[in-house]
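Participant: curious how this folds, go ahead:
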Amino acid sequence: MNADNSLEKTEKFDWVELCLARIKEWHTQSGLTIEDAFKLIDRDADTYITEKDLHYFLREKLKYQERELSMVRLQKLMKIMDCYKHGRINFIDWFKIISEDKDWLSDAKQQIGIVLSKH
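Facilitator: From the prediction side, this is the model:
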């Protein structure tokens, strides 16, 4: 295991929280409606934001470097953003993330902790 993997596994949700803050900031600065922002990220217009859609958005719009977007980080971000835990982000998930305060984040972390502790 290299040092990057070791650090990533011990890193809790700091990167995810920073990333979510950047997404919200991008939305605010973009001037887009919540729905239009969702449609922009949903590149294939299948009404869901997939990990692939999210990866592209983070690279192209938020200008994350590829080295910052490891599979582990993307999976953590997807798990947090996927409020209903169906493996993809639907519009309701997106709406909650953009329009609500951090209470949903605490709930999502708790749900993920419960799921991880069962495995």
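Participant: I'd like to know which elements the top helix by length along the chain is packed against.
Facilitator: Identified as the longest helix of the chain according to DSSP state H is helix 14-30. Applying 3 or more C-beta pairs under 8 Å, 6 or more residues apart in numbering; DSSP states H and E, one finds that helix 14-30 contacts helix 34-41, helix 71-81, helix 91-99. From N, CA and C alone the C-beta is placed, and that goes for glycine too.
Participant: list the buried residues in it.
Facilitator: Residues of helix 14-30 classed as buried: 15-16, 19-20, 23, 26-27 (neighbour count, 16 or more other C-beta atoms under 10 Å).
Participant: how far away from the center of its chain is that helix?
Facilitator: Put simply, helix 14-30 sits 9 Å off its chain's centre (C-alpha atoms, centre = their mean, to the nearest Å).
Participant: how much does that helix deviate in direction from helix 34-41?
Facilitator: 110 degrees (axes from the mean of the first three to the mean of the last three C-alpha atoms, to 10 degrees).
Participant: so what touches helix 14-30?
Facilitator: 34, 37, 58, 61-62, 64, 68, 73, 76-77, 80-81, 97-98, 105 (C-beta atoms under 8 Å, 6 or more residues apart in numbering).
Participant: can I have the buried ones of these as a PyMOL selection?
Facilitator: A single PyMOL command is used to select the members of the contacts of helix 14-30 judged buried by 16+ other C-beta under 10 Å:
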select buried, resi 37+58+64+73+76+77+80+81+97+98+105
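Participant: that's all I had, so thanks and see you.
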